[in-house]
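> Model the following, please.
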Amino acid sequence: QVQLVESGGGLVQAGGSLRLSCVASGRAFNMYGMGWFRRHPGKEREFVAAISWSGDSTDVASAVKGRFTISRDNAKNTVYLQMNSLKPEDTAVYHCARKSRFAGRTSAAQSEYDSWGQGTQVTVSS
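This next block holds a predicted model:
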């Protein structure tokens, strides 16, 4: 079972930036697509961004398009989420996840991910 550990969250003012990291344990990291999801207080978890196993295909939610970028470094078993121009509505717990099947396309569907990190809190003040 892979373990995913997120870091990089914190408190930032609106308009600021943060970069989240997610380190995966185990082998074959470069064979699986990865995703970032977030949960606002009292709401359901939602899709933020996804990246293919090779890193050459990405997808981001419309709410963060143009502000957030997902990337990965397979040599470091790490996936990143660069978040710029942060807004108070971006306040949430951010989770990374690994797809249950290797290779394949990016996906926004939570049902296609079977390994999840504990999450890192991002708080954006106005």
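> Centre of the chain to the longest strand seen in the chain, how far?
With DSSP state E setting the assignment, residue counts place strand 92-102 as the longest strand in the chain. In terms of C-alpha atoms, centre = their mean, to the nearest Å, the centre of strand 92-102 is set 7 Å apart from its chain centre.
> Could you shift the numbering so residue one becomes 506, and keep it that way?
Taking 506 as the first residue, the last one we looked at is strand 597-607.
> for the protein, what spans make up the helices?
With helices called from DSSP state H, the chain shows none.
> Tell me where the model's unsure across the chain.
Residues of the chain that meet the criterion pLDDT under 70 are absent altogether.
> which of the residues in stretch 578-593 are buried?
For stretch 578-593, burial by neighbour count (16 or more other C-beta atoms under 10 Å) applies to 582-586, 588, 591. (C-beta placed from N, C-alpha, C; glycine too.)
> Straight-line length of that stretch, end to end?
29 Å (C-alpha to C-alpha, to the nearest Å).
> neighbouring contacts of it?
Contacts with stretch 578-593, where a contact means C-beta atoms under 8 Å, 6 or more residues apart in numbering, come from 517, 519-530, 534-535, 539, 541, 553-554, 556, 560, 569, 572-577, 595, 599, 601, 627, 629-631.
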